[in-house]
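S.K.: let's see this in three dimensions:
(4 chains)
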There are 2 protein chains.
Amino acid sequence: MQTIAPELAELAALIADPGRASILSRLMDGRAQTASELARVACVTPQTASWHLSRLVERALLRVERRGPRRFYRLATPLVAQMLEGMMTVAAIDPHPARPPPRIDPEMRRARTCYDHLAGELGVAVTDAMREHGHLHLDPEAGELTASGRAFLRDLGIDLRAPARSRRLLCRPCLDWSERRPHLAGRAGAAVADLALQQDWIRRRPQGRSVEITETGLVAFRDLFDARI
Amino acid sequence: MQTIAPELAELAALIADPGRASILSRLMDGRAQTASELARVACVTPQTASWHLSRLVERALLRVERRGPRRFYRLATPLVAQMLEGMMTVAAIDPHPARPPPRIDPEMRRARTCYDHLAGELGVAVTDAMREHGHLHLDPEAGELTASGRAFLRDLGIDLRAPARSRRLLCRPCLDWSERRPHLAGRAGAAVADLALQQDWIRRRPQGRSVEITETGLVAFRDLFDARI
DNA sequence: GTAACGCTTCGATCATGATCGAAATGTTCA
DNA sequence: TGAACATTTCGATCATGATCGAAGCGTTAC
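M.R.: Model (predicted):
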């Protein structure tokens, strides 16, 4: 029986190294990072990181781009991010509920970006608030933005029209591995995250993919979204 | 920065062994299999398979159930199946498009079950036919069954009412790794597969998770669904 | 040109974990 | 109780691949 299993194992082996897993996790915010930064994240020497990175590029999980003497690495396609999302969801399930759950960095748990949308407590709080106001229906498997939701986002200055040739879904759920609850993703989720960055409600931290909620942001999320954050 | 990365690597390592990948792939149809059958699938001795299986159960990817002297293993939750779907989708992407694509077992490619719904050429053909008849809208990220689609399935004798307490989505896409196109999943997809098995349109092969399309089935899929199969 | 810097390649070492034979365990049935 | 069978445990062996020091390559800036 010839199956996809060998390719599956090969792919998994690529993610099975803690250094490479850290690198992939770091790149989940969709931005590009230098080889040095990724070496630091993976806690290995530059030469070891280089070896890992070349394997990831060779297998087309990452794309590399040269800018001067630096090389910037990023996830090759959103499909890779979606795969990692799924794996993290399962990875976050504690096989031994008796033992204390894996410690998660509080900043990560509080607020972060997940490829292009908000995640962590912030992402879930915004999603919950929108649901309670009837802006949104969200299931673990799918989501729907209501007429009221469209109006709400439009009033915030968000343009939800899809770019030409985009087949991206307007509204989809993404299972949060730290909160273990679905939050808003898709074009709508990305638009909200864009707005928040643009309005300085959140700021990307220089390292890691957690974000800082500003004072203005706290007020905005509470007043505009009615989020319990 | 404390993250989920170590757990991600640990999880991936579990899937990174060809034997375990074969076992997981075999269990993707959602049914339970004995340790012996899984040893055969993984091409290892029973004692090696036993070692692999105990690791998978320990990490809560599989559940085990004893019936007499046999032990039946199955995926612990649909979440695991969904994760594997995502990984297979990426695994099926050829990193070197110049080289010949990975050979896939023709029976697998033709028709198989994917957890609880149809996949392979058959799954995609049925989905395409339903789309062309306006029964279905399906995006890579989400799907919707139209009024005409509901009527169509009802006429086939399918009851789409959700069981109490079920939060499963009626209609969702599942990306097919052999066809690289989305096909119908969710409650509607499962209902179609159930109907097909019940009407003897398809038969599970004794080994593997590919299914055989019967003569009756070929006629039914063509006449009732208008599928090009 | 040359120095500085980022990154990669090479080579040797070392640790992890997959494997199977042999033997033990556990279940059913008579 | 004993025989048959499925599965697991134990123990020893072996292969893969992660690691980093040293050296090399390529780009930029002066």
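S.K.: got phi/psi on A:Leu170?
M.R.: Dihedral pair for A:Leu170: phi -60, psi -40, per degrees, to the nearest 10.
S.K.: SS state for the nearest residue to it once chain neighbours are set aside?
M.R.: Excluding its sequence neighbours, the residue lying closest to A:Leu170 (C-beta to C-beta, 6 or more residues apart in numbering or on different chains) is A:Arg187, at 4.9 Å. All C-beta spots, glycine's among them, are computed from the backbone N, C-alpha and C. Counting by DSSP: H, G, I helix; E, B strand; the rest coil, the backbone at A:Arg187 sits in helix.
S.K.: and chain A, which residues reach DNA strand C?
M.R.: Contacts of chain A with DNA strand C, taken as C-beta under 7 Å from any atom of the strand, map to A:34-36, A:46-47, A:49-51, A:53-54, A:64, A:69-71.
S.K.: if any of the residues you listed are buried, put those into a ChimeraX selection.
M.R.: To isolate the buried ones among those in ChimeraX, judged by 16 or more other C-beta atoms under 10 Å in any protein chain shown, type:
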select /A:35,49,50,53,71
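S.K.: the residues of chain A next to DNA strand C: which two are farthest apart?
M.R.: The largest distance within the residues of chain A next to DNA strand C, taken as C-beta to C-beta, falls between A:Trp51 and A:Pro69 and amounts to 18.9 Å.
S.K.: from DNA strand C, how far out is the residue nearest the centre of chain A?
M.R.: Centroid-nearest residue in chain A: A:Cys114, 1.1 Å away (criterion: C-alpha atoms, centre = their mean). A:Cys114 is 25 Å from DNA strand C, where distance means C-beta to the nearest atom of the strand, to the nearest Å.
S.K.: pLDDT score for that residue?
M.R.: We note a pLDDT of 89 for A:Cys114 in this prediction.
S.K.: for A:Arg181, same thing?
M.R.: 85.
S.K.: can you report how many residues lie near it?
M.R.: Neighbours of A:Arg181 under the rule other C-beta atoms under 10 Å in any protein chain shown: 14.
S.K.: where's the nearest residue to it once chain neighbours are set aside, which helix or strand?
M.R.: Spatial nearest neighbour of A:Arg181, excluding adjacent residues (C-beta to C-beta, 6+ apart): A:Val124 at 5.4 Å. Assigned by DSSP states H and E, A:Val124 falls within helix A:120-132.
S.K.: any idea which helix or strand comes after that helix?
M.R.: According to DSSP H and E, the helix or strand after helix A:120-132 is strand A:136-138.
S.K.: packing partners of that next one?
M.R.: helix A:120-132, strand A:143-145, strand A:182-185 (3 or more C-beta pairs under 8 Å, 6 or more residues apart in numbering or on different chains; DSSP states H and E).
S.K.: now the longest one: average pLDDT?
M.R.: Along helix A:120-132, the predicted confidence averages to a pLDDT of 94.
S.K.: in that helix, what's buried?
M.R.: A:Gly120, A:Glu121, A:Leu122, A:Gly123, A:Val124, A:Ala125, A:Val126, A:Thr127, A:Asp128, A:Ala129, A:Met130, A:Arg131.
S.K.: could you list every residue that touches the fifth one?
M.R.: It stands for A:Val124. A:Asp176, A:Glu179, A:Arg181, A:His183 (C-beta atoms under 8 Å, 6 or more residues apart in numbering or on different chains).
S.K.: restricted to buried residues, select those in ChimeraX.
M.R.: Selection command for ChimeraX covering only the buried members of the contacts of A:Val124, criterion 16+ other C-beta under 10 Å:
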select /A:176,179,183
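S.K.: now the helices for chain A?
M.R.: Taking DSSP state H as the test, the helices found in chain A are A:5-15, A:18-26, A:35-42, A:46-58, A:78-91, A:106-110, A:120-132, A:147-155, A:186-198, A:215-223.
S.K.: which sections of chain A are below the confidence cut-off?
M.R.: A:1-2, A:94-103, A:140-141, A:163-167 (pLDDT under 70).
S.K.: where do the domain boundaries of it fall?
M.R.: A:5-79, A:97-223 (automatic domain parsing).
S.K.: which of the ones you listed sits closest to B:Arg20?
M.R.: domain A:5-79 (7.5 Å).
S.K.: near DNA strand D, which residues of chain A?
M.R.: Counting by C-beta under 7 Å from any atom of the strand, chain A sits next to DNA strand D at A:13, A:16-19, A:44-45, A:47-48, A:51-52, A:55, A:66, A:68-69.
S.K.: swap in 10 Å and give it another go.
M.R.: A:9-10, A:13-14, A:16-20, A:22, A:39, A:42-52, A:55, A:66-71 (C-beta under 10 Å from any atom of the strand).
S.K.: just the buried residues from the residues you listed, in PyMOL please.
M.R.: Selection of buried members from these for PyMOL, criterion 16+ other C-beta under 10 Å:
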select buried, chain A and resi 9+13+14+16+17+18+19+20+22+39+42+44+49+50+52+71
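S.K.: from the residues of chain A next to DNA strand D, which are also near chain B?
M.R.: A:Ala9, A:Glu10, A:Ala13, A:Leu14, A:Ala16, A:Asp17, A:Pro18, A:Arg20, A:Ser22 (C-beta under 8 Å from any C-beta of the partner chain).
S.K.: export the residues you listed to TSV and tack on distance to A:Glu215?
M.R.: Listed next are these as TSV, based on distance: C-beta to C-beta, whole Å:
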residue	distance to A:Glu215
A:Ala9	49
A:Glu10	48
A:Ala13	46
A:Leu14	42
A:Ala16	42
A:Asp17	40
A:Pro18	37
A:Arg20	38
A:Ser22	31
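S.K.: state the pair within those residues that is farthest apart.
M.R.: Checking those with C-beta to C-beta, the most distant pair is A:Ala9 and A:Ser22, at 21.0 Å.
S.K.: which residues touch A:Met83?
M.R.: Applying C-beta under 8 Å, 6+ apart, the residues contacting A:Met83 are B:Gly86, B:Met87, B:Thr89, B:Val90.
S.K.: mind putting the residues you listed into a markdown table with neighbour count?
M.R.: As requested, the contacts of A:Met83 are exported to a markdown table (neighbours: other C-beta atoms under 10 Å in any protein chain shown):
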| residue | neighbour count |
| --- | --- |
| B:Gly86 | 22 |
| B:Met87 | 25 |
| B:Thr89 | 21 |
| B:Val90 | 22 |
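S.K.: and of these, the nearest to DNA strand D?
M.R.: B:Met87 (17.1 Å; C-beta to the nearest atom of the strand).
S.K.: I'd like the distance between the closest one and B:Ala9.
M.R.: 14 Å (C-beta to C-beta, to the nearest Å).
S.K.: for A:Asp194, same thing?
M.R.: Taken as C-beta to C-beta, the span from A:Asp194 to B:Ala9 is 31 Å.
S.K.: just A:Tyr73 next, same as before
M.R.: A:Tyr73 is 18 Å from B:Ala9, by C-beta to C-beta.
S.K.: please apply the same query to A:Asp139.
M.R.: Counting by C-beta to C-beta, the gap from A:Asp139 to B:Ala9 is 30 Å.
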